[in-house]
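Trainee: Just need the structure, nothing else, for what follows:
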Amino acid sequence: MSTARKILFNTVSQVIGKACVALIGVFIIKIITSYLGKTGYGEYTTAFDYLALFSIIADLGLYTIGIREMSKDKDEIPKIMGNVLTIRTVFAIFTISIAAFVSFFIPQYQGTHIPPAVMLAGLAAFCNILTTVISAVLQVNLKMEYNSLGSVIGKLVSLSYMVFIVYILRPVDQSFGFFQFIVAGIMGNVAMLAVTWHYARKFVPIRFQFDKAYAKSILIKALPYGLALILNTVSFRIGSFALSILRTKAEVGIYGVPMRMLEAVGIIPLYFMNAVLPPLTQAIHRRDGSHQKIIQFAFDFLVMGSLPIVFGTFILAYPIVSIISSPEFLSHAGIHGSDTVLPILIFALSFSFINSLFAFILIAADHQMKILLRNIIGTTFIVIFSFTLIPRFGVLAAAYGNVITEGYMAVASYLLAKHYLKFKLNFTNTLKIIVSALTMAGVIYAIREPLFTHLQNKSVLILVPLGGVIYVGMLFLTKAISKDMINMIRKPKAMVVESAEESRESSFPSDGF
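Mentor: Sure, this is the predicted structure:
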């Protein structure tokens, strides 16, 4: 199977899995928001967003750097896996414990469900951290369909338990239901970990190891990217955190609905780029120019994947929010609801898709330190922006701050990647993709109101698949899906073969920034 085909199959399997998870997640959000309301869902969201700020410390970039190191020497996979598993387990226990302890001393959280929720949700976070470590083995072997299977099974377990609690047990005490929702998350993550562990051990023994010298070496390699990830998480979560201590829990709930949607979709470029990372790393270190086609292929795929989501969500924000939540989350009487926040936040998604490509180029080229510099600037901006404007403008300030920051990250990543690695993007396909997405958006916008008159918010169930058909049709009509792209999938070496002239060119310009 060709490299491109393996990457696509690996990515598509994850996207399909994520689509199933997202669909299940729609029912989960619907159950939680309907049962808890804005304030209750705000506390639920706050607990997980707060915990995420600490949990990312347990990663320290080890997942992505581990994949890169495994792709360089597959004979070292058991050693790399064992050491990374040990390091992340120790860090996870430490950071989650600190998070739970500190939450009890935050004044705005006292007297709420948040501190005990953080303590309980820490178990779910711990299982998730172990799952991501183990899934690195599947990623290197381009077998992430097994991880996707685990994710789907885990979500089904969570949903089943939530349905049991709300519709069968029917607790009168809402507090009891609140904590049972978190228990459902723990059960789901345990199931996901079990499935991922089962399939990963078919490729390599899953054992804890600790080689002091090697652990120190990989920590040094991962630390710059790990710090960048921490800052990136702060940038992404700071809106929810600032709302939780500067505004109301209800506003956190309103902001949380579109943020959960972005999280569900925003993982797609990471799935894709984690699949691209091994062959991209190998191509760059061959220094023969073969990375050019991989980068162009990845860029076209990411643009092609992001634009229809952005345009479609912008037009259909109201019915989408209505379907996945409850009426109190919609705008009314001058109060901004999730349907107002979603069309703003969705543009952050388009930037994050492109940002992921250039960030991973820097990682593959061993320039992850440059991502840290970029994220320091971005995080500083969003923190100042949030704590200055959120007290006055609430959820709108949080949303616009997110978009501006993601836009900066994308531009900065592109400039850094271009500086440290020689490549050139062809934007011919980009124009075709834009035309296809605009055509789809125009048709959906034209028929949205007439269809809404008859079907109300359920019209989105027709408009979304119809938009997908129109978009794919336009991609073929405009030849955005070109023969070269199809040949990459069919021909085993199409993705890595370059002309002799390109191969003779040096991939790396002089260092210095």
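Trainee: Quick check, pLDDT for residue 34.
Mentor: In this model, residue 34 is scored at 88, pLDDT.
Trainee: likewise residue 512?
Mentor: At residue 512, pLDDT is 35.
Trainee: for residue 425, same thing?
Mentor: On the pLDDT scale, residue 425 gets 88.
Trainee: Skipping adjacent residues, who's closest to it in space?
Mentor: When the adjacent residues along the chain are set aside, residue 425 lies closest to residue 299, with 5.7 Å between them (Cβ to Cβ, 6 or more residues apart in numbering). Quick note: C-beta positions are derived from backbone N, CA and C, even for glycine.
Trainee: list the contacts for that neighbour?
Mentor: 354, 357, 425 (Cβ atoms under 8 Å, 6 or more residues apart in numbering).
Trainee: who's in contact with the second one?
Mentor: Same thing as residue 357. 269, 273, 295, 298-299, 302, 413.
Trainee: How about residue 157?
Mentor: Contacts of residue 157 (Cβ under 8 Å, 6+ apart): 184, 187-188, 191.
Trainee: Also residue 171?
Mentor: Residue 171 touches 165, 177, 180, counting by Cβ under 8 Å, 6+ apart.
Trainee: and the gap between it and residue 367?
Mentor: 53 Å (Cβ to Cβ, to the nearest Å).
Trainee: quick one: average confidence on the helix or strand that contains residue 124?
Mentor: Taking DSSP states H and E as the criterion, residue 124 maps to helix 114-140. The average pLDDT within helix 114-140 is 88.
Trainee: Can you give the distance from it to the centre of its chain?
Mentor: Mean-position distance between helix 114-140 and its chain equals 15 Å (Cα atoms, centre = their mean, to the nearest Å).
Trainee: Can you name every helix or strand that it contacts?
Mentor: Under the contact criterion of 3 or more Cβ pairs under 8 Å, 6 or more residues apart in numbering; DSSP states H and E, helix 114-140 touches helix 3-55, helix 62-72, helix 77-103, helix 145-163, helix 174-200, helix 249-286.
Trainee: check contacts around the residue nearest to the spatial centre of the chain.
Mentor: Nearest to the geometric centre of the chain sits residue 267, at 2.6 Å (Cα atoms, centre = their mean). Applying Cβ under 8 Å, 6+ apart, we find residue 267 in contact with residue 18.
Trainee: Would you mind measuring from residue 468 to residue 374?
Mentor: Taking Cβ to Cβ, one finds residue 468 at 34 Å from residue 374.
Trainee: Those two: who's more crowded?
Mentor: Neighbour count, other Cβ atoms under 10 Å: between residue 468 and residue 374, residue 374 has more, with 23 against 13.
Trainee: The more buried one against residue 413, yeah?
Mentor: Yes - using Cβ atoms under 8 Å, residue 374 is in contact with residue 413, at 6.4 Å.
Trainee: coming back round to it: on the secondary structure side, give me the element for the residue nearest to residue 425.
Mentor: With DSSP H and E as the test, residue 299 turns up in helix 291-324.
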